[in-house]
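A.B. asks: predicted model, plus sequence, below.
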Amino acid sequence: MAKIVALVGDYWHDGEAAQAGLEAAVKRLPNKDEIELQYITYEEVSTVLDNKPELFINARMNKLNPKDEHVVTWLSEVLDQKIENYVNEGGSVLAWHAGLAGYSSESSYTQMLRGSFDYHPPGLQEVTYKGNDTTFTISDELYFVHCDKANTEIYLRSTGAYGDTIAGWKHSYGKGKVCCLTPAHTKEGLLNENVSSLLAEKIKWLVSHE
């Protein structure tokens with residue numbers, strides 16, 4: 001049984017929509033009956049990682065109260081190092097959409113991801129995603145990112161009215177694996193068959209022992 005733990009939902013991102021998108025992707029996996037999916041809160045991350053799940057999915061931004069004057073973040077220095085150690089020792093992490101946002105560029109987490117969210121133009125727009133075997137267009141936020149292109153494998157790019165950017169990359173890290181994926185923001189986008197198929201493909205890679 002492969003254990004997947006997922007941290008989803010924050011001030012700007014609907015947790016139920018992310019759950020629906022993730023569950024649709026898991027149903028596409030050939031070994032779906034051998035997958036145990038558990039949703040966790042940010043307070044539970046440390047304890048859950050002690051149990052060495054096959055995959056930790058982070059789809060939550062770091063800021064807990066982004067509109068307040070005094071902004072609080074959930075990723076402490078201790079937890080930051082614990083996540084890095086978890087992957088280095090053989091775990092896998094998927095930083096999905098919001099899981100790329102609001103984390104310090106100096107954090108072990110961001111250094112491990114080899115990339116992070118920079119900004120997106122206001123609102124939703126038509127975004128075309130292009131991968132090795134797929135091209136599709138959905139209404140989405142156009143995530144512009146920083147990415148250490150020389151030290152990761154870029155598998156997805158995006159294009160919108162405001163320009164082109166990288167939308168997905170993956171690499172090995174220590175004994176573990178790291179994958180980053182920027183789509184999607186809306187429930188409709190999360191349930192889009194192309195997004196769902198892409199997410200399933202990356203989960204399969206992350207939990208495999210190849």
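C.D. replies: Sure thing, it's come through.

A.B. asks: per-residue confidence for Met1?
C.D. replies: Looking at Met1, its pLDDT stands at 87.

A.B. asks: ok, Tyr103 touching Gln111?
C.D. replies: No. Contact between Tyr103 and Gln111 fails when scored by Cβ atoms under 8 Å: they sit 9.9 Å apart. (Glycine included, C-beta is placed from N, CA and C.)

A.B. asks: okay, these two: which has more neighbours?
C.D. replies: Tyr103 (23 against 17; other Cβ atoms under 10 Å).

A.B. asks: report the contact partners of that one.
C.D. replies: Tyr103 is in contact with Asn62, Leu75, Tyr109, Thr110, Ser116, counting by Cβ atoms under 8 Å, 6 or more residues apart in numbering.

A.B. asks: please report phi then psi for it.
C.D. replies: The phi and psi values for Tyr103, taken as degrees, to the nearest 10, are phi -100, psi 140.

A.B. asks: what lies in contact with the longest helix seen in the chain?
C.D. replies: The longest helix of the chain (DSSP state H) is helix 193-207. Applying Cβ under 8 Å, 6+ apart, the external contacts of helix 193-207 come out as 2, 4, 21-22, 24-26, 28-30, 35, 54-55, 92-94, 96, 129, 131, 134, 136, 138, 156, 168, 170, 177, 179, 181, 183-184, 189-190.

A.B. asks: only C-alpha atoms, please: export that helix in CSV.
C.D. replies: Only the C-alpha atoms of helix 193-207 are listed here, as CSV (Å, rounded to 0.1, in the frame of the first residue of the first chain):
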residue,chain,number,x,y,z
GLU,A,193,-9.1,15.6,-18.0
ASN,A,194,-5.7,16.9,-19.3
VAL,A,195,-4.8,18.3,-15.9
SER,A,196,-6.0,15.1,-14.2
SER,A,197,-4.0,12.9,-16.5
LEU,A,198,-0.9,15.0,-16.1
LEU,A,199,-1.2,14.9,-12.3
ALA,A,200,-1.8,11.2,-12.3
GLU,A,201,1.3,10.7,-14.4
LYS,A,202,3.5,12.7,-12.0
ILE,A,203,2.1,10.9,-9.0
LYS,A,204,2.9,7.6,-10.6
TRP,A,205,6.5,8.7,-11.1
LEU,A,206,6.8,10.0,-7.6
VAL,A,207,5.6,6.8,-5.9
